[in-house]
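*Asks:* missing the sequence, but the structure's below:
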Ligand SMILES: CC(=O)SCCNC(=O)CCNC(=O)[C@H](O)C(C)(C)COP(=O)(O)OP(=O)(O)OC[C@H]1O[C@@H](n2cnc3c(N)ncnc32)[C@H](O)[C@@H]1OP(=O)(O)O
């Protein structure tokens with residue numbers, strides 16, 4: 001078997017790399033018209049390829065972003081996208097080598113973390129990625145979904161046309177800011193690749209924008225799906241829903257639940273602590289379809305990432321982090337309400353770097369992870385302290401596919 005060279009890709013190799021990733025996920029090669037927008041997923045120096053005889057046979061890529069962490073800081077994060085290896089080259093260690101090169105590339109460009117929403121849940125743990133946010137998929141039966149009278153009815157909702165959304169949505173999303181831990185920045189390129197491309201593909205999206213006293217403060221994107229029932233009624237599938245505050249959230253729900261000729265409203269990703277059930281006269285009108293893994297994080301610089309978030313009031317804990325894939329990233333830290341600093345004290349708790357990713361945004365407790373054997377516990381009392389230190393006021397939520 002010919003030995004592959006692993007290296008950064010040149011601009012004229014991006015399209016071939018994009019096709020490797022697409023074909024590995026059973027999609028046809030990109031058309032020329034689609035490529036015009038899809039090419040924006042590539043930024044100079046961030047794509048890596050496995051090359052055999054001058055051809056790309058495997059690839060990984062990064063899209064610049066930022067991650068909101070507890071306390072409100074935004075950290076430089078690169079979103080991992082466009083990964084794949086040609087079927088005739090799989091299981092020869094290429095992806096292993098590509099991931100090493102991807103992590104080096106991200107670190108050299110100053111990214112502290114990599115985030116992704118992977119196609120396979122069994123693949124990424126070995127490379128140190130862990131589930132850092134979870135989201136809830138909901139199904140609401142429209143005829144049972146009368147809102148309680150106490151639900152805020154302040155602002156207004158207007159529909160905007162897809163063309164105006166190209167300018168308005170990116171501005172509005174940015175304006176919403178770091179409103180929850182887990183929210184990530186969407187670059188101009190993200191909007192081209194993920195929004196403009198879907199829109200230009202002819203899908204009939206409707207876009208509702210909520211305005212409160214201070215202006216636009218939330219939006220929901222939805223499309224009607226034939227649900228096979230007799231008659232004109234459809235299912236509304238909400239694919240993108242962001243609102244910074246309770247009034248905007250309530251206003252957008254009010255709009256979605258008021259649309260005629262609808263049997264049910266399905267929303268793919270909402271924060272796990274949003275209690276839509278309690279907004280309804282009939283609690284059971286809203287059902288959880290699933291709780292899903294959402295953003296997976298790979299902490300590339302553990303000291304910097306731990307130092308960047310705030311911690312709640314609790315006794316300090318000495319935490320050891322083991323990174324088998326990037327050993328220089330391992331270390332021991334004293335974590336207290338004042339922050340996280342390296343220490344040589346004896347570790348009370350020890351975790352792998354993917355386990356730290358699960359706890360980092362407050363999504364999963366150390367005590368839960370210890371119960372399933374993912375934390376080495378030298379001092380049991382430290383588990384409750386770690387749970388409190390890493391807790392967040394609101395559930396982390398991303399709501400952006402990458
Ligand atoms: C958005 C995304 O998530 S893209 C990533 C998922 N992409 C796809 O699934 C597309 C189709 N598949 C592929 O392109 C390739 O098979 C990949 C990317 C999944 C793996 O690439 P390969 O070059 O075959 O992986 P490689 O040989 O380096 O194996 C790396 C490690 O992952 C393991 N592995 C490989 N594929 C899988 C898998 N599907 N599930 C679980 N583990 C896997 C290997 O056993 C190996 O483990 P080890 O280091 O402990 O021995």
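*Replies:* Received, thanks. Note that this is a predicted model, so its numbers are computed, not measured. Residues are numbered from 1 along each chain as shown.
*Asks:* all contacts plus neighbour counts: C-alpha atoms, from now on.
*Replies:* Fine.
*Asks:* Geometric centre of this protein: which residue is closest?
*Replies:* Centroid-nearest residue in the chain, with C-alpha atoms, centre = their mean: residue 295, separated by 3.3 Å.
*Asks:* correct me, but residue 73 touches residue 308?
*Replies:* Yes: contact criterion C-alpha atoms under 8 Å: residue 73 and residue 308 qualify, at 6.9 Å.
*Asks:* Of those two, which one has the most company?
*Replies:* Neighbour comparison, residue 73 and residue 308: the larger count goes to residue 308, with 18 against 14 (by other C-alpha atoms under 10 Å).
*Asks:* check contacts around that one.
*Replies:* Residues near residue 308 by C-alpha atoms under 8 Å, 6 or more residues apart in numbering: 69, 73, 75.
*Asks:* Mind putting those into a markdown table with distance to residue 219 and pLDDT?
*Replies:* Below are the contacts of residue 308 laid out as a markdown table (distance: C-alpha to C-alpha, whole Å; pLDDT from 0 to 100):
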| residue | distance to residue 219 | pLDDT |
| --- | --- | --- |
| 69 | 22 | 98 |
| 73 | 23 | 98 |
| 75 | 24 | 98 |
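*Asks:* between the residues you listed, which is nearest the ligand?
*Replies:* Distance to the ligand across those (C-alpha to the nearest ligand atom) is lowest for residue 75, with 21.8 Å.
*Asks:* what comes into contact with whichever strand or helix holds the closest one?
*Replies:* Assigned by DSSP states H and E, residue 75 falls within strand 74-85. By C-alpha under 8 Å, 6+ apart, the residues outside strand 74-85 that reach it are 18, 20-22, 24-25, 57-69, 94-95, 106, 110-116, 178, 305, 308, 402.
*Asks:* Who are the packing partners of the very next helix or strand once past it?
*Replies:* Using DSSP H and E, the helix or strand that follows strand 74-85 in sequence is helix 94-108. Applying 3 or more C-alpha pairs under 8 Å, 6 or more residues apart in numbering; DSSP states H and E, one finds that helix 94-108 makes contact with strand 5-8, strand 48-52, strand 55-68, strand 74-85.
*Asks:* make it 10 Å
*Replies:* Using 3 or more C-alpha pairs under 10 Å, 6 or more residues apart in numbering; DSSP states H and E, the elements in contact with helix 94-108 are strand 5-8, strand 48-52, strand 55-68, strand 74-85, strand 113-116.
*Asks:* Once you drop chain neighbours, what's closest to residue 224?
*Replies:* Spatially, and ignoring its direct neighbours in sequence, residue 224 is nearest to residue 236 (4.7 Å; C-alpha to C-alpha, 6 or more residues apart in numbering).
*Asks:* Would you mind giving the secondary structure of that neighbour?
*Replies:* strand (DSSP: H, G, I helix; E, B strand; the rest coil).
*Asks:* ranges for the helices of this protein?
*Replies:* Secondary structure of the chain (DSSP state H): helices located at 14-24, 32-38, 94-108, 162-176, 188-190, 197-200, 246-256, 302-308, 353-360, 366-371, 381-390.
*Asks:* mind checking which of those helices is nearest residue 216?
*Replies:* helix 162-176 (7.0 Å; C-alpha to C-alpha).
*Asks:* got a list of contacts for the closest one?
*Replies:* Helix 162-176 is contacted by residues 159-160, 183-188, 190-192, 195-196, 199-200, 204-209, 215-219, 242-245 when judged by C-alpha atoms under 10 Å, 6 or more residues apart in numbering.
*Asks:* Give me the domain ranges for this structure.
*Replies:* 5-111, 135-293, 300-390 (automatic domain parsing).
*Asks:* Please produce JSON lines containing the ones you listed, extended by distance to residue 128.
*Replies:* Below are these laid out as JSON lines (distance: least, C-alpha to C-alpha, whole Å):
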{"stretch": "domain 5-111", "distance to residue 128": "10"}
{"stretch": "domain 135-293", "distance to residue 128": "15"}
{"stretch": "domain 300-390", "distance to residue 128": "4"}
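*Asks:* could I get these as TSV with distance to the ligand?
*Replies:* Below are the domains of the chain laid out as TSV (distance: least, C-alpha to the nearest ligand atom, whole Å):
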stretch	distance to the ligand
domain 5-111	3
domain 135-293	13
domain 300-390	10
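*Asks:* distance between the helix or strand of the chain with the lowest mean pLDDT and the chain's centre?
*Replies:* The weakest-scoring helix or strand in the chain, judged by mean pLDDT, DSSP states H and E, is helix 197-200 (a mean of 86). Counting by C-alpha atoms, centre = their mean, to the nearest Å, helix 197-200 is centred 20 Å from the centre of its parent chain.
*Asks:* in it, what counts as buried?
*Replies:* Neighbour-count burial for helix 197-200, counted by 16 or more other C-alpha atoms under 10 Å, picks out 197, 199.
*Asks:* I would like the residues contacting that helix, please.
*Replies:* In contact with helix 197-200 (C-alpha under 10 Å, 6+ apart) are residues 33-38, 162-163, 165-166, 191-192, 203-205.
*Asks:* pLDDT (mean, whole number) over stretch 201-217?
*Replies:* When pLDDT is averaged along stretch 201-217, the result is 93.
*Asks:* In the chain, where is pLDDT below threshold?
*Replies:* In the predicted model, the chain carries pLDDT under 70 at residues 1.
*Asks:* I figured residue 15 was touching residue 47, is that so?
*Replies:* No: Residue 15 sits out of contact with residue 47 when judged by C-alpha atoms under 10 Å, with a separation of 11.2 Å.
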